[in-house]
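Enquirer: model the following, please.
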Amino acid sequence: KGRDSQMKVAILRPREYLNETLSKLKKEGFDAIGIPFIEIEHLKENLNLNEIDFDALIVTSQTAAKILVNSGFNLKDKEIIAIGKKTAKVFELHGFNTFIPSKFDSKSVYEEFKEKLAKKRVLILRSDKGSDEIFKLKDYCELLEIQLYKIKFKHGYEQKEFIREVYKNKNNYAMFFQAA
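Expert: Predicted coordinates:
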């Protein structure tokens, strides 16, 4: 079979995360393309946490972490639980220590940190599409959620052209979809 029948990888992430993901895949020898099928809409540009009393933070994505550190809020006395290595890295680059669950999901945060967070005031910073699993923590601590951004689907020319190409050329694509 020719090269056209080879499996391709389509990365369907927000534009700001495409290049990093594509370069990693291409470095590993994958035939990959990036199409931004989703976009991030910031909801809290001027985040002010000085008005909120909390002991610990749960930050669910690198996007939420970037919004938080760009707000300039001092996090040195706060416990930070970061879901994912890239989320943690955003904080570490700014001199803040983090705790990371063994698996990068809300269920693992709940199971691994519920005792540590018991009787504390915990702030969750995330998107509008997060898992409800994290809210089980309400049985252990006082919980407040702030949605920092929305995940929106894109339906423009670029996305339509990609879909046409998949159907027209009968290309095989493995799709990878992740917001942040």
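Enquirer: from Ser108, how far off is Ile81?
Expert: 10 Å (Cβ to Cβ, to the nearest Å). Quick note: C-beta positions are derived from backbone N, CA and C, even for glycine.
Enquirer: those two: which is more packed in?
Expert: Each of Ile81 and Ser108 has its neighbours counted (other Cβ atoms under 10 Å); Ile81 has more, 22 against 15.
Enquirer: the helix or strand harbouring Glu165 - what's its average pLDDT?
Expert: Per DSSP states H and E, Glu165 falls inside helix 157-169. In this model, helix 157-169 carries a mean pLDDT of 83.
Enquirer: using PDB, write out every CA atom in it.
Expert: Output of helix 157-169 as PDB, limited to C-alpha atoms (Å, rounded to 0.1, in the frame of the first residue of the first chain):
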ATOM      1  CA  TYR A 157     -13.900  26.800   7.300                       C
ATOM      2  CA  GLU A 158     -10.700  25.000   8.500                       C
ATOM      3  CA  GLN A 159     -12.700  22.400  10.400                       C
ATOM      4  CA  LYS A 160     -15.100  21.800   7.500                       C
ATOM      5  CA  GLU A 161     -12.200  21.400   5.100                       C
ATOM      6  CA  PHE A 162     -10.600  18.800   7.300                       C
ATOM      7  CA  ILE A 163     -13.800  16.800   7.500                       C
ATOM      8  CA  ARG A 164     -14.200  16.900   3.700                       C
ATOM      9  CA  GLU A 165     -10.600  15.700   3.200                       C
ATOM     10  CA  VAL A 166     -11.200  12.700   5.600                       C
ATOM     11  CA  TYR A 167     -14.300  11.600   3.700                       C
ATOM     12  CA  LYS A 168     -13.100  12.500   0.100                       C
ATOM     13  CA  ASN A 169      -9.800  10.800   0.300                       C
END
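Enquirer: buried ones in the lowest-mean-pLDDT helix or strand in the chain, by neighbour count?
Expert: Across the helices and strands of the chain, mean pLDDT, DSSP states H and E gives its lowest value to strand 173-176, namely a mean of 72. Buried residues in strand 173-176, counting neighbours by 16 or more other Cβ atoms under 10 Å, are found at Tyr173.
Enquirer: who does that strand touch, helix- and strand-wise?
Expert: strand 8-11 (3 or more Cβ pairs under 8 Å, 6 or more residues apart in numbering; DSSP states H and E).
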